[in-house]
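Chemist: take this sequence and fold it.
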Amino acid sequence: MKYTLAFSSILALGLAHTIPSSLRLRAHKSLNKRAPEPVCKFSEHTFDDTTAWKGSGSNTKRDLNATTWDPPSDLVTALEEVWTHEIDTYTSPLDFKNYGYDQVIAGEGKINYCVRWDSTKTVTADQRVQVETAVVRSFNKWIEVLAGFDGFPYESVNVSVVGWAVKDASQLEGDTSGIDVYTTTDGDGIPQCDEGCGRFFHYTDNDYSQCAAGEDRHYDQSLWLTDDFEGGAGGDWGQRVGTDYFLENIESDNIHIVLHELGHTFALDDFYDWIPTGVTNFIMLAGSATEITEFDAWMARDWWRNLKDRYSL
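Modeler: Numbers count the residues shown, from 1 in each chain. Predicted coordinates for the structure are as follows:
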């Protein structure tokens with residue numbers, strides 16, 4: 001079945017002011033590595049989703065049983081090109097220690113989220129449950145393609161939303177006793193979960209002594225939902241998409257812009273100025289696929305096999 005995806009192309013420099021400078025520096029020098037564009041562009045593409053998971057020449061779905069580095073022969077050249085490009089282009093990418101892999105291992109299979117509700121809307125208790133369900137599902141889409149591969153220790157990750165940052169606490173309807181509610185803001189006046197509780201701010205010192213909610217309630221990732229925001233952004237800090245886009249797709253099995261931005265959390269690059277040999281449709285080629293494909297899976301596995309020795313597993 002063929003789909004056409006049409007999204008507004010974003011002129012990143014025109015929107016750069018919407019992302020705090022601290023996030024731009026960390027996300028794009030250390031993780032996203034796609035400077036000078038802080039916003040992912042989703043242009044129009046037409047693709048045939050029956051061939052997105054070719055797998056050794058067949059149209060079968062993903063190989064979830066891969067345990068060693070043995071990618072399909074038709075992906076080998078492209079994978080080598082991607083890895084060489086990343087190592088040659090970016091500054092010490094193997095030395096950065098806040099990729100999604102680092103966070104999963106440090107949390108022993110548990111990831112906490114805090115939602116930055118950059119919106120004027122109110123949120124019902126049922127919507128908050130739906131948001132958490134969507135976050136759990138989306139994060140574990142990437143874990144699914146790593147499970148069992150080359151010593152990756154988790155088949156799934158326990159993902160929880162522990163907090164919400166809002167402009168006014170009255171925006172959160174219903175019982176909020178199970179979450180930490182923040183009304184603090186960043187330097188641009190945007191709702192920001194307590195920096196004292198954020199891994200992004202403390203991954204080098206692992207010091208959550210200033211987190212009023214307690215170390216167990218720290219957050220590893222932020223889901224940043226912004227009114228009238230098109231496209232997406234992502235990095236070691238989390239993912240940012242439009243409020244309406246997320247809510248309209250909240251029950252979708254694959255919220256594809258979120259999956260793309262999570263790819264950046266797991267160290268994967270954008271492909272705006274080049275495309276690897278022989279692959280044309282994959283989630284990290286913005287707008288060309290609506291699900292994580294075989295090529296995306298092998299790119300993530302490539303990172304894991306090159307990082308796993310830093311952990312005591």
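
Chemist: chain center to stretch 154-164, what's the gap?
Modeler: 13 Å (CA atoms, centre = their mean, to the nearest Å).

Chemist: next one: stretch 157-166
Modeler: With CA atoms, centre = their mean as the basis, the mean position of stretch 157-166 lies at 14 Å from the chain mean.

Chemist: likewise stretch 85-92?
Modeler: 20 Å.

Chemist: average pLDDT for that stretch?
Modeler: Mean pLDDT, stretch 85-92: 93.

Chemist: so which bits of that stretch are buried?
Modeler: By neighbour count on 16 or more other CB atoms under 10 Å, the buried set for stretch 85-92 is E86, Y90. Every C-beta, even on glycine, is put in place using the N, C-alpha and C of the backbone.

Chemist: same deal with stretch 186-194?
Modeler: Result for stretch 186-194 [16+ other CB under 10 Å]: buried residues I190, P191, Q192, C193, D194.

Chemist: from those residues, pick the one nearest W303.
Modeler: Within these, the smallest distance to W303 is 26.7 Å, found for C193 (CB to CB).

Chemist: so that closest one sits right up against S222, yeah?
Modeler: Yes - counting by CB atoms under 8 Å, C193 touches S222, with 6.2 Å between them.

Chemist: so for those two, which residues contact both of them?
Modeler: C114, V115, R116 (CB atoms under 8 Å, 6 or more residues apart in numbering).

Chemist: can you classify the first one as helix, strand or coil?
Modeler: Read that as C114. Classification of C114 by DSSP: H, G, I helix; E, B strand; the rest coil places it in strand.

Chemist: and it, what does it touch?
Modeler: Counting by CB under 8 Å, 6+ apart, C114 has contacts 161-165, 180, 182, 193, 197-198, 219, 221-223.

Chemist: for the residues you listed, which one is nearest G109?
Modeler: Q221 (14.4 Å).

Chemist: so the closest one is in contact with W237, correct?
Modeler: Yes - taking contacts as CB under 8 Å, Q221 lies within contact range of W237: 7.2 Å.
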